[in-house]
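*Asks:* Fold the following and give me the result.
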Amino acid sequence: MKEITIYTDGGCAGNPGPGGWAAVLAFGSHLKEVSGGEPATTNNRMELCAAVEALGILIEPCRITLHTDSVYLKDGITQWITGWKRSGWRTQAKKPVKNQDLWIALDQATQRHTMRWEWVKGHAGQPQNERCDLLVGLAIKKIRQQFPPAQLQSLLTEFKSAQSD
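*Replies:* Model (predicted):
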């Protein structure tokens, strides 16, 4: 089984706001970078997207160590998700789990792999984490270039409205 190391990051300009996600995958001396973004989203959604997208490009089952600077992502997938699934995607407070669509996608993406989740302190000089952070910033910049400010504001208003439903 191939051993893959993945670093992920996600972020927003405003929370919610235009957001970006990125991942650096390493297999031996080979590196692959992937990134993307959304015009209206949250930091947590982008953190989840980074992991889902990174795992989604792997063709075969692998032994993976995924490094994230998001406690939400790490604790969600290693501690909370079992209870959420058992309770029909409800929190302990009986409220719907936020970002359920992405948690389900992440859960499915991990099933064929042997996963180890590691937390890494963000902005602490770890090269791949810093690279992901840079790629997130570039993804957000690209989103801002693709959408006029008025359209970004309209999409953000729509997003906020959908989140409060």
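*Asks:* Give the residue spans of this structure that score low on pLDDT.
*Replies:* 165 (pLDDT under 70).
*Asks:* what's the single longest helix in it?
*Replies:* Using DSSP state H, we find that the single longest helix of the chain is helix 127-146.
*Asks:* packing partners for that one?
*Replies:* Using 3 or more C-beta pairs under 8 Å, 6 or more residues apart in numbering; DSSP states H and E, the elements in contact with helix 127-146 are strand 2-12, strand 17-27, strand 30-41. Placement of C-beta: from N, CA and C, glycine included.
*Asks:* Dump these into a markdown table; add mean neighbour count as well.
*Replies:* Converted to a markdown table, the helices and strands packed on helix 127-146 look like this (neighbours: other C-beta atoms under 10 Å):
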| stretch | mean neighbour count |
| --- | --- |
| strand 2-12 | 24 |
| strand 17-27 | 24 |
| strand 30-41 | 19 |
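*Asks:* Reformat those strands as CSV; add distance to A54.
*Replies:* Listed next are these as CSV, based on distance: least, C-beta to C-beta, whole Å:
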stretch, distance to A54
strand 2-12, 5
strand 17-27, 4
strand 30-41, 6
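*Asks:* Next, count neighbours for the residue nearest to A13 when sequence neighbours are not counted.
*Replies:* Distances taken as C-beta to C-beta, 6 or more residues apart in numbering put I140 closest to A13, at 5.2 Å, once the chain neighbours are dropped. Neighbour count for I140, taken as other C-beta atoms under 10 Å: 24.
*Asks:* And the helices and strands packed on helix 127-146: which comes nearest L55?
*Replies:* strand 2-12 (7.7 Å; C-beta to C-beta).
*Asks:* Could you check the angle the closest one makes with helix 127-146?
*Replies:* If you take axes from the mean of the first three to the mean of the last three C-alpha atoms, to 10 degrees, strand 2-12 sits at 50 degrees to helix 127-146.
*Asks:* and strand 2-12, which strands flank it?
*Replies:* Sheet pairing of strand 2-12 (DSSP bridges) gives strand 17-27 (antiparallel), strand 62-68 (parallel).
*Asks:* Can you say which of these is nearest to I77?
*Replies:* Distance to I77, taken as C-beta to C-beta, is lowest for strand 62-68 among these, at 8.8 Å.
*Asks:* which residues are in contact with the following helix or strand past the closest one?
*Replies:* For strand 62-68, the following helix or strand on the C-terminal side (DSSP states H and E) is helix 71-75. If you take C-beta atoms under 8 Å, 6 or more residues apart in numbering as the criterion, helix 71-75 is touched by 8, 44, 47-48, 51, 68, 117-119.
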